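S.K.: Here is a sequence with its predicted model. Questions after.
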Amino acid sequence: MEKPLTQNIRPDREPLDIREYEQAGGYQALRQALQMSPLKIQEMVTDAYIRGRGGAGFPTGKKWSAVPMGDKARRPKFFAINADEMEPGTFKDRLLMEGDPNLVVESAIIASYAIEADVAYIFLRWAYKLAAQRLTKAIAQAYEKGYLGWNILGSSYSLEMYLHTSAGRYMCGEENGLLNAMEGKRPIPRTRPPHAVMVGIWGKPTAVNNVETIACVPYIVSHGSAAFKALSHTEEGGTKLYGVSGRVKRPGIWELPLGTTLGEIFHDYAGGMRDGYQFRGLLPGGASTSFLVEKHFDARMDFGSMDKTGSRLGTGTIIVLDDKTCPVGMVLNLEQFFARESCGWCTPCREGLPWLRDMLDAIERGAGILEDLEILQEHTWLLQLGHTFCALAPGAVMPLDGALKYFREDFENHIRQHRCPYRH
Amino acid sequence: MSGASMLTDEEKREIDEELAKYRTKRAAGPEALKIVQKYRGWISDESLRDVARYLELSDEELDSVATCYNFIFRRPVGRHLILLCDSVTCWVVGYEDLRARIEQRLGIQMGQTTPDGRFTLLPAACLGACDRAPVMMIDEQLYVELSPAKVDEILDTYR
């Protein structure tokens, strides 16, 4: 099976330097791309039907096709690569940036060319120190080789690329929060429309895409849309980085066809549960997705199929709940994170999440009452899409909603026994 | 803006490098604060003012940015920062035991600094190494697959 994202990544080995990367076929896709028109690349990405790997699943071709093009577009245009990976349980972009930094840079150049961007920023999470070092080197070497800067490889296309390292805030990973953060403002949402593709950083057209999303683009350019679509098991194109963490035999991350089933990832790749632990449930794609249980093991891990389960694909990195871990405690941990990271712009999120955390804490300590469960459920509606400016609030209540659906008995046992049955 | 900025030449040089990346001075705010924090350990009101003047911002504008980031410190911290991941996967596989061991060993609670100024213990949101959980960072170094015993060994290496 072809692995366009991880073909150069070897565990326990330094990443390829730029010369080795070129010998392995690196930067050939950029040469091919520069022979094509930007609109042709947009068309190929649209046909490849790649949906955004940051978690929202927005079709990348559709996003790019909304960027104003040609002489009438306002300049400079920007490309922002969202590398602010901070979704709890998610460790996929780190693999790409540490494992094949040249691929990330080449991908960013091609993606920028596709929207005729003048400047690209890689918006990197503060904690990713090794990724920062390696990307800095990869960018510098790309400049030396003429892949960045003026008239790239003799074409008339020019691009500047910079690494921006953030200082730690979940909201920076949200598209509009990221735009504000780039401008040196507090990361808070923006009113849309206008969307970033029209009015982004400093009011100029800006495309924002996740690292894994753009990393698919070189393959699409060099192999074509049909080949990219054929990599997957479903109508959505490509491969996907799937991760599993928790008390499984082999926690890890694998590049597999998009649409691989949940059960296959859990059993065949993660090796099932560690001895002495039973499976209770899982979050399929980071903290802001809803719980799934054993009956969902046949479901495919693509955006469309996951939506049908009532959860979301999210980032595709699975977090497993075992039988010796308290589901209420786990949801408390998740809501603690969301309450702490809320940017404070919208009332339901700023006020609602601390209430949820305190209520869950009370239940976990044995001080809850049954009516609390109705209030918890009410909040899963109150923080829904449309009630807040950004999608992080609806995401924050997804695991709570799933826990109330599948582990209600655990909540009730805490309340009836006035203690956490999992603590001795 | 009135009043001279008291940034050192080294700080100014590094901030200038950042300014070259952006279209406005304001955009370099987070990076400038991180540079000054690297040299001074934390961002005092005086340090904040130094950066604000250099970037032609009001103190309040810059502070609104400084205070929204988890790792811009507006209070003093120790020589070494222990950032213990308290997000979901680490919580499932052993965060509470690690926290108890560190707190007991150093005699401080989460959020505090040891009396000798050696360590500050802070919670960190998911550090993106969940397949190797539980994890922590000390300063710039990531430590993975931790156990209380391993934490003891690691802490011994910091002075």
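M.R.: It's in.
S.K.: What segments of chain B are helices?
M.R.: For chain B, the helices identified by DSSP state H occupy B:9-19, B:29-40, B:45-54, B:59-66, B:88-93, B:95-106, B:148-156, in order along the chain.
S.K.: Take those and write them to a markdown table, including distance to chain A.
M.R.: No exception for glycine: its C-beta is placed from N, CA and C like everyone else's. Converted to a markdown table, the helices of chain B look like this (distance: least, C-beta to the nearest C-beta, whole Å):
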| stretch | distance to chain A |
| --- | --- |
| helix B:9-19 | 9 |
| helix B:29-40 | 4 |
| helix B:45-54 | 11 |
| helix B:59-66 | 6 |
| helix B:88-93 | 4 |
| helix B:95-106 | 8 |
| helix B:148-156 | 17 |
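S.K.: Please identify the most buried of those helices.
M.R.: Among these, judged by mean count of other C-beta atoms under 10 Å in any protein chain shown, the one packed with the most neighbours on average is helix B:88-93 (a mean of 27).
S.K.: Output that one as CSV, nothing but the C-alphas.
M.R.: Included here for helix B:88-93 are C-alpha records, laid out as CSV according to Å, rounded to 0.1, in the frame of the first residue of the first chain:
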residue,chain,number,x,y,z
VAL,B,88,-7.0,12.9,28.9
THR,B,89,-4.7,10.1,27.8
CYS,B,90,-2.0,11.0,30.4
TRP,B,91,-4.8,11.1,33.0
VAL,B,92,-6.0,7.7,32.0
VAL,B,93,-2.6,6.1,32.2
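S.K.: how is chain B carved up into domains?
M.R.: Listed domain ranges for chain B are B:9-66, B:80-156 (source: automatic domain parsing).
S.K.: Please compute how far the shortest one lies from its chain's middle.
M.R.: Pointing back at domain B:9-66 there. Mean C-alpha position of domain B:9-66 versus that of the full chain (C-alpha atoms, centre = their mean, to the nearest Å) differs by 15 Å.
S.K.: re earlier: for my notes, please list the helices of chain B in a markdown table and give mean pLDDT for each entry.
M.R.: As requested, the helices of chain B are arranged in a markdown table below (pLDDT from 0 to 100):
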| stretch | mean pLDDT |
| --- | --- |
| helix B:9-19 | 97 |
| helix B:29-40 | 97 |
| helix B:45-54 | 97 |
| helix B:59-66 | 97 |
| helix B:88-93 | 98 |
| helix B:95-106 | 97 |
| helix B:148-156 | 96 |
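S.K.: any low-confidence regions in chain A?
M.R.: Low-confidence regions of chain A, defined by pLDDT under 70, span residues A:424.
S.K.: In contact with the residue lying closest to residue A:128 once chain neighbours are set aside: list those residues for me.
M.R.: If you skip the residues right next to it in sequence, residue A:128 has residue A:94 as its closest partner in space, 6.0 Å away by C-beta to C-beta, 6 or more residues apart in numbering or on different chains. Each residue near residue A:94 by C-beta atoms under 8 Å, 6 or more residues apart in numbering or on different chains is listed here: A:85, A:128, A:131, B:128-129.
S.K.: Model confidence at the residue sitting nearest the centre point of chain B, what's the number?
M.R.: Among the residues of chain B, residue B:71 comes closest to the average C-alpha position under C-alpha atoms, centre = their mean, at 4.0 Å. Note for residue B:71: predicted pLDDT of 94.
S.K.: Residue B:154 against residue B:139, yeah?
M.R.: No - taking C-beta atoms under 8 Å as the definition, residue B:154 is not a contact partner of residue B:139, at 11.7 Å.
S.K.: gap between the residue nearest to the centre of chain B and residue A:174?
M.R.: 18 Å (C-beta to C-beta, to the nearest Å).
S.K.: if we can go back for a sec, setting aside sequence neighbours, what's the nearest residue to the residue nearest to the centre of chain B?
M.R.: Residue B:71's closest residue in space is residue A:168 (C-beta to C-beta, 6+ apart), at 4.4 Å.
S.K.: Now do the SS call for that neighbour.
M.R.: Secondary structure, DSSP: H, G, I helix; E, B strand; the rest coil: residue A:168 is coil.
S.K.: buried stuff in stretch A:381-392?
M.R.: For stretch A:381-392, a neighbour-count test (16 or more other C-beta atoms under 10 Å in any protein chain shown) marks A:382-383, A:388-390, A:392 as buried.
S.K.: about what we covered before: mind checking which of the domains of chain B is nearest residue A:42?
M.R.: Ranking the domains of chain B by proximity to residue A:42 (C-beta to C-beta) places domain B:9-66 first, at 25.6 Å.
S.K.: Can you get me the start-to-end distance on that closest one?
M.R.: Between the opening and closing residues of domain B:9-66 lies a distance of 22 Å (C-alpha to C-alpha, to the nearest Å).
S.K.: Ok, stretch B:13-30 next?
M.R.: Using C-alpha to C-alpha, the two ends of stretch B:13-30 sit 16 Å apart.
S.K.: Would you point out which residue of the stretch 201-350 of chain A is nearest chain B?
M.R.: Of all residues in the stretch 201-350 of chain A, the one sitting closest to chain B is residue A:245 (3.6 Å; C-beta to the nearest C-beta).
S.K.: What residues does that residue make contact with?
M.R.: Neighbour list for residue A:245: A:89, A:91, A:251, A:317-320, B:89, B:130-131, B:133 [criterion: C-beta under 8 Å, 6+ apart].
S.K.: What distance do you get for it to residue B:144?
M.R.: Between residue A:245 and residue B:144 the distance is 12 Å, computed by C-beta to C-beta.
S.K.: which residues do those two both contact?
M.R.: Overlap between the neighbourhoods of residue A:245 and residue B:144 consists of residue B:133, taking contacts as C-beta under 8 Å, 6+ apart.
S.K.: And the strands in the stretch 151-300 of chain A?
M.R.: According to DSSP state E, counting those that start in this stretch, the stretch 151-300 of chain A carries its strands in the segments A:160-165, A:206-210, A:239-245, A:252-257, A:279-283.
S.K.: Surely the residue nearest to the centre of chain B is in contact with residue A:125?
M.R.: No - between residue B:71 and residue A:125 no contact is recorded; they are 10.5 Å apart, counting by C-beta under 8 Å.
S.K.: Overlap in contacts, those two.
M.R.: Overlap between the neighbourhoods of residue B:71 and residue A:125 consists of residue A:168, taking contacts as C-beta under 8 Å, 6+ apart.
S.K.: per-residue confidence for residue B:3?
M.R.: Per-residue confidence at residue B:3 stands at 54 (pLDDT).
S.K.: try the one 3 residues further on
M.R.: Taken from the predicted model, the pLDDT recorded for residue B:6 is 91.
S.K.: Do I have it right that it meets residue B:51?
M.R.: No - the pair residue B:6 and residue B:51 does not pass the contact test of C-beta under 8 Å, sitting 10.0 Å apart.
S.K.: which SS state does whatever residue of the stretch 1-150 of chain A ends up closest to chain B fall under?
M.R.: Closest approach between the stretch 1-150 of chain A and chain B, counting by C-beta to the nearest C-beta: residue A:88, at 3.8 Å. Three-state secondary structure (criterion: three-state DSSP) places residue A:88 in coil.
S.K.: That one - how many residues pack around it?
M.R.: Each residue near residue A:88 was counted by other C-beta atoms under 10 Å in any protein chain shown, and the total is 31.
S.K.: same question, the one 10 residues further on
M.R.: Residue A:98 is surrounded by 20 other residues when neighbours are defined as other C-beta under 10 Å.
S.K.: For it, grab phi and psi.
M.R.: The phi and psi torsions at residue A:98 (degrees, to the nearest 10) take the values phi -80, psi -30.
S.K.: which residues does it contact?
M.R.: The neighbourhood of residue A:98, defined by C-beta under 8 Å, 6+ apart, consists of A:15, A:128, A:130-131, A:134.
S.K.: if you set the cut-off to 7 Å instead, what comes out?
M.R.: A:15, A:130-131, A:134 (C-beta atoms under 7 Å, 6 or more residues apart in numbering or on different chains).
S.K.: Check residue B:29 too.
M.R.: Residues touching residue B:29, when contacts are defined by C-beta under 7 Å, 6+ apart, comprise A:184, B:55, B:57, B:62, B:65.
S.K.: Just confirm the second one contacts residue B:31, I think it does.
M.R.: No - at 10.3 Å, residue B:55 does not count as touching residue B:31 under the criterion of C-beta atoms under 7 Å.
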